[in-house]
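A.B. asks: Predicted structure and sequence below. I'll ask about it afterward.
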Amino acid sequence: MKKIFIFVLFVFFASSFALAQDRMMTHMTSIPQAIENNPSITVPYKFYLGFPAFSSFNLSFQNPFAYNDIVKRRSDDSLYVDQQGFINSFAKNNLMAIDLKVNLLDFGFRVKKNFFTFTQSIRTQFYFSYPKDLFVLLLNGNVSFMEADQTIEFKKLRINSSVYSETAIGYQRNLTNKINIGARVKYLQGFANVQTNHSYFSLYTNPDNYNLTVKSEFGLNVSSIVNANGDVEVGSFTKNPGIALDLGGTYRFSDELAVGASLLDLGFIRWKTNTQQFGTSMINDEFIFRGFDLDRLFQDGKINSNIIKEVADTLKEQIRFTDTTNIAYTSWLSPKICFDASYIYKNNNKFGAYLRNDIANGTLIPSLTISYQRKFGRVLQLGASYGMTKGHWAKLGIGVSLKLGPLHGFITTENVLSYTNLANLKNMYIHFGTNIVIGKWREALLDSNKSSIDF
């Protein structure tokens, strides 16, 4: 009873912070790639080899709005763009995120109590943070802000996008019958990056005289393997080095109850190839635009182009623009802080909870997955999950792990119901792959013959 209470307490604590994307593969430990969520999770085989380019395909996507938030259908079956409905779909601050990882080579092997892994993969990560007011300004103008005597401020307008290769060498070991540890050291090679290093913009419209007060400061870093002539520089594939680290640990209270923690993607890339840095800043604290003098703007029924030129020259004097090339800079990965717990009931049933906190663009994005797995012999493992996010409390997921002799295949996905209506899809997660596995399926969930390395 005490074990169940600890597990329920963990789930209650985690669910109070659940806001974003979910993961369910952590407790399907018949899948070797589960170590990507916690490097201390015991791989239940003596050896595994992922099929080249097919061992693991992992894609997640998150967006504040769906197609149906923008395009609506009239009673006569015609379509129209619902501008206000589109704006209403946003929260005060929003994040668009895409994370794609494809394993090109993946294998692992056991030596007594030690397990070694190697993974070569290509990763694409895209994070774009923006406030709701950005689209209010673009679509509705500044009228509503002026009527409310409100300043428009963009403090969290950020982008961080990278494409890079990842070479990971992993190691795990059971220190005692209760403690398992693991780590993965990852060497990174950057291909392309776009990131803001600072960003601020504010606009105030005086409701009495309509004067515009502007404050702005913006910086953008860009790096690519494509040079200014549009040619790919083959030698640049190794000129943007980086390093990252995954750490994990698991503690078993008993054969049934275990908890774990992990820190993932703690690292950076140093960009040196075809770099360019753009920046703007106000020379004075702010710029006030008082409008045009109509008597001077129109002369003889025509627009006086000199007035336009004067305004443009004034902007050039007030705003400093910089464009610097060939200066190296550093971008940081988006680390994840994770906690997991599992409870095994009568050997064949496992209940799990996985709390994950992504740190993207300086914003904490917590998520929770509660899962159940059922073993059917040593061939099949099925899983179901329930994901909790802010405003979406019924993200159902499924997972299948099938082993036919040495051939192993798996697929996990979340938010399954959204696939029946793609027009309402705002987020998705899918992970599938195939492996060749050798050795007994010894994980405690799947075999009553438990040993100290089983979890």
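C.D. replies: Nice, thanks for sending it over.

A.B. asks: Ser236: what secondary structure?
C.D. replies: helix (DSSP: H, G, I helix; E, B strand; the rest coil).

A.B. asks: Go ahead and confirm it touches Ile225.
C.D. replies: Yes - counting by Cβ atoms under 8 Å, Ser236 touches Ile225, with 4.6 Å between them. Glycine gets a C-beta too; all of them are placed from N, C-alpha and C.

A.B. asks: shared neighbours, these two?
C.D. replies: By the contact definition Cβ atoms under 8 Å, 6 or more residues apart in numbering, Ser236 and Ile225 are jointly contacted by Thr273, Asn274.

A.B. asks: Select the longest strand from the protein.
C.D. replies: As assigned by DSSP state E, the longest strand anywhere in the chain is strand 179-205.

A.B. asks: tally of neighbours for His198?
C.D. replies: When neighbours are defined as other Cβ atoms under 10 Å, His198 has 11 of them.

A.B. asks: so who does it touch?
C.D. replies: With Cβ under 8 Å, 6+ apart, His198 has these contacts: Glu217, Phe218, Gly219.

A.B. asks: Secondary structure element holding the first one?
C.D. replies: Looking back up the chat, that one is Glu217. In this structure, Glu217 sits in strand 212-224 according to DSSP states H and E.

A.B. asks: From the contact counts, what lies against that strand?
C.D. replies: strand 179-205, strand 276-282, strand 287-289, strand 329-332 (3 or more Cβ pairs under 8 Å, 6 or more residues apart in numbering; DSSP states H and E).

A.B. asks: any residues touching the second one, and which ones?
C.D. replies: For strand 276-282, the surrounding residues in contact (Cβ under 8 Å, 6+ apart) are 214-223, 318-325, 327, 329.

A.B. asks: if we go to 6 Å?
C.D. replies: 216-222, 319-325, 327 (Cβ atoms under 6 Å, 6 or more residues apart in numbering).

A.B. asks: What of the last one?
C.D. replies: Surrounding strand 329-332, the residues in contact under the criterion Cβ under 6 Å, 6+ apart are Asn193, Gln195, Asn221, Phe268, Ile269, Arg270, Trp271.

A.B. asks: Check whether the second one really touches Val222, as I assumed.
C.D. replies: What that stands for is Gln195. No - using Cβ atoms under 6 Å, Gln195 makes no contact with Val222, being 8.2 Å away.

A.B. asks: re the thing from before, make a ChimeraX selection of whichever of the contacts of strand 329-332 turn out to be buried.
C.D. replies: ChimeraX command restricting the contacts of strand 329-332 to the buried ones, with burial defined by 16 or more other Cβ atoms under 10 Å:
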select :193,195,221,269,270,271
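
A.B. asks: now, which of the contacts of strand 329-332 sits nearest His431?
C.D. replies: When those are compared for distance to His431 (Cβ to Cβ), Ile269 wins out at 23.9 Å.
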